[in-house]
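>>> based on what follows, work out the 3D shape:
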Amino acid sequence: MRLPLLTLVPLILAACAETGGGAATATGGRDVTNLPEGVLAIVAPDQDLTSVRIDEAGCYVYRYSGPVETTFLPLRSTSGRPICTRAQTT
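Numbers count the residues shown, from 1 in each chain. Here you go, the predicted structure:
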């Protein structure tokens, strides 16, 4: 017996719904409510500062909502370098 196509619509829509456990929360780290003045002085424009956190490496990341997914990207200075709370070791 074939199921009518309309009975599958709720399943298809449920598969497309954001569950909240995707890439946006996968980075871990801790949320930052107030950025230090030093960070605000060097941060490059066009970065969303409403949702910033410090990742496991000690660098600031911000939530970027793109056309396909939402993820955290490194917060960059006007010179293009990532902004971190401590010196990175290579």
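>>> could you find the closest non-adjacent residue to Ser77?
Using C-beta to C-beta, 6 or more residues apart in numbering and skipping the chain neighbours, the partner closest in space to Ser77 is Ile42 (4.5 Å). The way it works is simple: take the backbone N, C-alpha and C, and place the C-beta from them, glycine included.
>>> any stretches of this protein with poor pLDDT?
Along the chain, segments meeting pLDDT under 70 span 1-28, 87-90.
>>> now do the helices in it.
Here the chain has its helices, by DSSP state H, at 9-16, 37-42.
>>> may I have stretch 35-44 as CSV, with CA atoms only?
Output of stretch 35-44 as CSV, limited to C-alpha atoms (Å, rounded to 0.1, in the frame of the first residue of the first chain):
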residue,chain,number,x,y,z
LEU,A,35,34.0,42.9,25.1
PRO,A,36,37.0,44.7,26.6
GLU,A,37,37.7,48.2,25.3
GLY,A,38,41.0,47.0,23.8
VAL,A,39,39.2,44.4,21.7
LEU,A,40,36.6,47.0,20.6
ALA,A,41,39.3,49.3,19.5
ILE,A,42,40.9,46.8,17.1
VAL,A,43,38.0,44.8,15.8
ALA,A,44,37.4,45.0,12.1
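>>> which residues does that stretch contact?
Residues outside stretch 35-44 that contact it (C-beta atoms under 8 Å, 6 or more residues apart in numbering): 49, 52, 60, 75-78, 80, 83.
>>> at 7 Å instead, please
Applying C-beta atoms under 7 Å, 6 or more residues apart in numbering, the contact partners of stretch 35-44 are 49, 52, 60, 75-78, 83.
>>> do the same with stretch 74-89
With C-beta under 7 Å, 6+ apart as the criterion, stretch 74-89 contacts 39, 42-44, 47, 52, 54, 57-62.
>>> ok, those vs Thr71, which is closest?
Ranked by distance to Thr71 (C-beta to C-beta), the contacts of stretch 74-89 are led by Val61 at 9.1 Å.
>>> so how far is Glu37 from the nearest residue to that closest one once chain neighbours are set aside?
The spatially closest residue to Val61, leaving aside those adjacent along the chain, is Phe72, at 4.1 Å (C-beta to C-beta, 6+ apart). Look at Phe72 and Glu37: by C-beta to C-beta, to the nearest Å, they are 23 Å apart.
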